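Student: Got a sequence here, can you model it:
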Amino acid sequence: MIIHVHIKTSKKDLTNSIASYIITITVIVIGEYMEQQRHSKKRTAIYELLCQTKSHPTAEWVYLQLKPQFPSLSLGTVYSNLAAFQSAGKIICVGTVAGKERFDADTSDHAHFICRRCNAVFDVCDAPAPDVPLPGIADGSKVSYYGVCKDCLNR
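Tutor: Coordinates of the predicted model:
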């Protein structure tokens with residue numbers, strides 16, 4: 001698109017104004033790009049870490065794992081990214097275990113087993129479908145079983 005602007009000014013003033021305008025826009029664009037790059041690297045690292053673990057971590061665990069790699073990382077950044085991933089459907093919140101939210105990058109339909117002794121969270125494949133009539137058509141479910149895990153039982 002070409003925009004024609006008629007300004008009554010000298011060529012020198014116009015040239016200086018355009019140069020100043022171009023420099024200002026360039027600085028803004030570069031600044032925004034650099035901020036997105038920093039943000040993207042942290043965001044990518046948070047998501048990749050969630051995908052690599054089956055421990056259903058807390059935000060604090062994610063923060064402690066990534067802090068050495070990203071010294072400027074804050075716990076608030078981790079929480080805001082986890083919220084963004086949840087909103088985008090990239091992760092789920094398993095629930096609150098011992099007062100802390102636990103997260104899972106496996107968004108497929110599956111249940112969880114939560115140990116009341118050690119607070120470990122385990123994936124349970126092929127969760128049984130509820131045997132109750134529903135008042136509508138369900139498009140998902142969230143099932144959690146609570147008890148004592150095998151490791152704790154053997155101690």
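Student: In contact with T96: list those residues for me.
Tutor: Counting by CB atoms under 8 Å, 6 or more residues apart in numbering, T96 makes contact with R102. Heads up, the C-betas are built off the backbone N, CA and C, glycines and all.
Student: if you set the cut-off to 7 Å instead, what comes out?
Tutor: Applying CB atoms under 7 Å, 6 or more residues apart in numbering to T96 gives no contacts.
Student: where does it land in three-state SS?
Tutor: Following DSSP: H, G, I helix; E, B strand; the rest coil, the label given to T96 is strand.
Student: This protein - how does it break down into domains?
Tutor: Domain assignment for the chain by automatic domain parsing gives 10-90, 108-133+140-155.
Student: Span of the shortest one from start to end?
Tutor: The straight-line separation of the ends of domain 108-133+140-155 (CA to CA, to the nearest Å) is 32 Å.
Student: hey, where'd the strands end up in this protein?
Tutor: Applying DSSP state E to the chain gives strands spanning 92-97, 100-104, 111-115, 121-124, 144-147.
Student: What residues of the first one count as buried?
Tutor: In terms of neighbour count (16 or more other CB atoms under 10 Å), strand 92-97 has its buried residues at 92, 94-95, 97.
Student: for these, which one is nearest D131?
Tutor: Distance to D131 across the buried residues of strand 92-97 (CB to CB) is lowest for G95, with 22.2 Å.
Student: beta partners of the closest one?
Tutor: Under DSSP bridges, the beta-bridge partners of G95 are R102.
Student: ok, it touching V143?
Tutor: No - between G95 and V143 there is no contact under CB atoms under 7 Å: 10.6 Å.
Student: residue contacts, D131?
Tutor: If a contact means CB under 7 Å, 6+ apart, then D131 has no contacts.
Student: Can you lay out the buried residues of strand 92-97 as a markdown table showing distance to L49?
Tutor: As requested, these are exported to a markdown table (distance: CB to CB, whole Å):
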| residue | distance to L49 |
| --- | --- |
| I92 | 16 |
| V94 | 16 |
| G95 | 20 |
| V97 | 18 |
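Student: Which two among the residues you listed are spaced furthest apart?
Tutor: Every pair of the buried residues of strand 92-97 checked by CB to CB; the farthest is I92 and V97, at 13.7 Å.
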